[in-house]
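[1] predicted model and sequence below, questions to follow.
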Amino acid sequence: MTVDRRSALVLVGTAGLAGAALPVRGAEGEENVTANEDLMREHGVLRRILIIYREVAPNIERAGATMDAQAVNAMAKLFRTFGEQYHEKQLEEQFVFPAVRKSGGPLAHLTEILVAQHNRGREITDFVIGATKSGKIGTGDAASLARSMLEFARMYEAHAAREDTQIFPAFKKALPKAQFNELSERFEEIERKQFGGDGFDMALDQVAKAEATLHLSDLAQFTAPAPPK
Ligand SMILES: [Fe+2]
Ligand SMILES: [Fe+2]
């Protein structure tokens with residue numbers, strides 16, 4: 001039996017939030033949604049936006065003002081609401097980084113760099129939204145827009161990879177199990193409040209639409225050519 005994550009949460013909700021009641025979540029066949037899984041699949045959505053950025057950047061440089069920039073604008077706005085205002089600000093900066101910092105060690109320094117990258121990312125997102133807001137690329141913006149999108153993708157790939165492999169595991173380790181489980185619940189509540197529903201599903205829908213518009217839906221197109229023999 002497959003139970004979607006909302007149903008799994010209802011099960012948890014009826015059992016209460018105490019850590020002792022939570023194993024029901026991990027029962028066979030049920031989706032076990034932890035805070036870290038949530039954060040990591042949010043990265044998945046954000047990575048798909050980065051892939052779009054990387055794929056369209058050369059077209060922007062080539063076509064400039066004639067390029068239809070509507071889908072890029074929609075993705076930059078989604079990165080703002082889903083990535084920056086929700087994932088970064090409300091989850092990482094509010095809960096994840098403070099817990100990691102409190103636990104001490106060399107990762108505290110890493111969180112400072114990660115926050116600086118959030119801030120730089122927001123500047124770049126401002127620029128991308130502004131340069132594409134008319135649905136066309138502003139004259140003179142094409143080269144700098146393409147470059148900024150590639151630089152943003154480069155930064156965020158490294159950023160998310162460090163979070164996935166160092167920060168999120170440290171976050172889980174820093175908290176007692178019951179508290180970590182409660183935060184998993186809290187993250188879901190924040191998501192519902194912010195988006196009026198399942199923000200992950202909504203964001204994924206929007207990414208899929210942009211991929212369709214930009215002819216990037218077919219995963220097979222990303223299969224690398226065979227190496228030289
Ligand atoms: Fe981050
Ligand atoms: Fe992140």
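    Arrived safely, thanks for sending. Ligands and ions are numbered 1, 2, ... in the order given.

[2] going by C-alpha atoms from here, please, whenever you check contacts or count neighbours.
    Noted.

[3] wait, what's in contact with the closest residue to residue 108 other than its chain neighbours?
    Once its chain neighbours are removed from consideration, residue 108 has its nearest residue in residue 101; the separation is 4.6 Å (C-alpha to C-alpha, 6 or more residues apart in numbering). For residue 101, the contact set (C-alpha atoms under 8 Å, 6 or more residues apart in numbering) comprises 107-108, 111.

[4] buried only: go through those residues for me.
    If you count burial by 16 or more other C-alpha atoms under 10 Å, the buried members of these come out as 108, 111.

[5] where does the residue nearest to residue 108 land in three-state SS?
    helix (DSSP: H, G, I helix; E, B strand; the rest coil).

[6] re earlier: narrow the contacts of residue 101 to those in helices?
    Of the positions in these, 107-108, 111 sit in helices, assigned by DSSP state H.

[7] name the nearest of the residues you listed relative to residue 172.
    Closest approach between these and residue 172, by C-alpha to C-alpha: residue 107, at 13.4 Å.

[8] doesn't residue 100 make contact with that closest one?
    Yes - counting by C-alpha atoms under 8 Å, residue 107 does reach residue 100; the two are 7.0 Å apart.

[9] so after the longest helix anywhere in the chain, what's the next helix or strand?
    With residue count as the measure and DSSP H as the assignment, the chain has helix 35-63 as its longest helix. Per DSSP states H and E, helix 35-63 leads on to helix 70-78 as the next helix or strand towards the C-terminus.

[10] gap between that following helix and the chain center?
    The chain centroid and the centroid of helix 70-78 are separated by 14 Å under C-alpha atoms, centre = their mean, to the nearest Å.
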